[in-house]
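1. Pasting the sequence and the predicted coordinates here, then a few questions.
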Amino acid sequence: MKILIYGATEIGCLLATEFFEDHDITVIDKEENKTEEFKKLDIGFVQGNASDVEVLKKADIRNADVFIACTPVDEANIVACLTAKKMSGVRTVSFVSKEEYRNVLNVDRSDMCLCEFFIDEIVWPEELLTQEIFRIVTVAQALDVEFFANGRARLLEYKLKEGMPLVNKKVKECNFTKNTLIVGITRNGELSIPNGDTTLLADDKLIFMGTSHSLDILAGTFFHDKESVKSVTIIGGGNVGMMLAQSLEAVKIKTKIIEKNYERCDYLSQTLKNTLVINGDGTDLKLLDEEEIGASDVTISVTNNDERNLLTTLLAKQLGTKRTITRVSKVLNIPLFEKVGVDIAISAKNSALNEVKNAVEESDIGILATVEQGQGEVLEIDLSIEFNNMKIMEMRFPKPAIVGVVQRGNGVLIPKGDTELHTGDTLIIFTKAEDADIIKEYFHRADR
């Protein structure tokens, strides 16, 4: 597949790094924006503005399969995508940073007035980040949460702490809740796919898949998750902070926002209905103490500054807040933040990367989610006739993978080894990202 990326930005570099081994990648931007990271990759580079027809011709737009615009300027991304679409009908993906652009450009593709002049995918990273944080907040103690099959199935990640009943037990001895599977373990930063003889250790991060109800029981049984989140403090009242507060209001979680800019506070006070808006500096320890931030179940720092987010989160932790979540702009900072004490560090860029990967994947095999900074992937695969009446235990995957959920009609099954599959089933499979292409090929070979 030939992919053109407009924007030698950090997200552009992440995309190029993700795709260059399996696809023909060309990056378009000014020469001065080309960093050393791009030079390490086996990709093409065309200097110029992708809104320019001649630049697009030089990049061979007519033979491209996907065009991704991810510069910091929304208008440049939009114009470049529309120009590329007009020239070749290529599949277009545009990054935006403003809600109004997302709303205007997310139009009904069936509208005949549009002809072929539209953008296929609109990616607003801040919205994706907000959704991810909200999922994590609403499941107490979870490090990661993903929903599948219209909410009937989930993925949850928990950290195993010293003293918990699962420590030093083999997976086959754990007696996990019915309709629950352990699909991944991260130990010392490395993800692996467990089997029955895998021993669980303190500080492991355990990844489970199952029905929503069964995972609720699992959490209460093994991770002492009997109390829901009742109070949240948000540091930073930008787009993410405001959207997150609106979502938390909707589920009646007591929320307060601390925002440094007075005019922004005034706007937040008028927009939010049941959120306490405080004008102040989130790095002011005295303010945090006076506002009893330590009593919050969760403190979330979502300013645009990594250093400020780290400091405010650690201060909140010192004051006694139960759990901390930090927005990280630079993806490389995620492991560092978690190492120094932040419970969960997440990046809008990682959320956006997953969205783009779905946009360029094959139609019958999609990536539903990534976990552990992209080390693991959740694949959605429509089962062909070649697998009709085959049992799970009879599937011989070439690399470690676990079928976590089977969607059949309007229902979901959490399979066992003797579960029989049928044509038309949709499998939700967990595997390591480095093995995902091999697992996909296993199903493609069977189709042939």
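-> Looks like it came in fine.

2. who touches Phe19 in this structure?
-> Contacts for Phe19 (CB atoms under 8 Å, 6 or more residues apart in numbering) come out as 3, 25, 360. C-beta here means a position set from N, CA and C on the backbone, and glycine is covered the same way.

3. mind listing what the last one touches?
-> In other words, Val360. Applying CB under 8 Å, 6+ apart, we find Val360 in contact with 1, 3, 19, 65-66, 91, 93.

4. Can you give me the separation between it and Ile381?
-> Using CB to CB, to the nearest Å, one gets 17 Å for the distance from Val360 to Ile381.

5. again, but for the first one
-> Remark: distance between Ile3 and Ile381 (CB to CB) = 23 Å.

6. hang on, the earlier thing: return the members of the contacts of Val360 classed as buried.
-> 3, 19, 66, 91, 93 (16 or more other CB atoms under 10 Å).

7. out of these, which are inside strands?
-> Those of those mapping onto strands are 3, 66, 91, 93, per DSSP state E.

8. Next one, pLDDT for the most centrally placed residue in the chain please.
-> In the chain, the residue lying closest to the centroid (CA atoms, centre = their mean) is Ser351, at 3.6 Å. Note on Ser351: pLDDT of 80.

9. so the closest residue in space to it that isn't next to it in sequence is in which element?
-> Leaving aside its chain neighbours, Ser351 sits nearest to Leu128 (3.8 Å; criterion: CB to CB, 6 or more residues apart in numbering). Assigned by DSSP states H and E, Leu128 falls within helix 125-137.

10. Any buried residues in the helix or strand following that helix, and which?
-> Following helix 125-137 in sequence order, the next helix or strand is strand 144-148 (DSSP H and E). Across strand 144-148, burial judged by 16+ other CB under 10 Å covers 144-146, 148.

11. still on that earlier bit, adding distance to Ile385, write the ones in strands among the buried ones among the contacts of Val360 out as a markdown table.
-> Output for these, formatted as a markdown table (distance: CB to CB, whole Å):
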| residue | distance to Ile385 |
| --- | --- |
| Ile3 | 32 |
| Val66 | 30 |
| Arg91 | 29 |
| Val93 | 33 |
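
12. who's in contact with the residue lying farthest from the centre of the chain?
-> Distance from the C-alpha centroid of the chain peaks at Glu54, with 35.6 Å (CA atoms, centre = their mean). Glu54 sits next to Gly48 when contact means CB under 8 Å, 6+ apart.

13. what separates it from Met87, distance-wise?
-> The spacing between Glu54 and Met87, counted by CB to CB, is 11 Å.

14. now swap in Leu314 and tell me
-> From Leu314 across to Met87, the span is 50 Å (CB to CB).

15. do the same with Gly341
-> As judged by CB to CB, Gly341 and Met87 stand 51 Å apart.

16. Comparing the two, which shows the higher neighbour count?
-> Met87 (15 against 12; other CB atoms under 10 Å).

17. Could you look up the SS state of the more buried one?
-> For Met87, the assignment made with DSSP: H, G, I helix; E, B strand; the rest coil gives helix.

18. And it, how far from Val46?
-> Look at Met87 and Val46: by CB to CB, they are 14 Å apart.

19. gap between the two ends of stretch 318-329?
-> Using CA to CA, to the nearest Å, the end-to-end distance of stretch 318-329 comes to 23 Å.

20. what does stretch 141-156 give?
-> This stretch, stretch 141-156, spans 10 Å end to end (CA to CA).

21. Quick one: residues in contact with it.
-> So stretch 141-156 is contacted by 135-136, 138-139, 157-159, 183, 205, 207-212, 215, 218-219, 223-225, 323, 343-344, 368-369, 371, 378, 380, 404-405, 407, 411-412, 414, 428, 430 (CB under 8 Å, 6+ apart).
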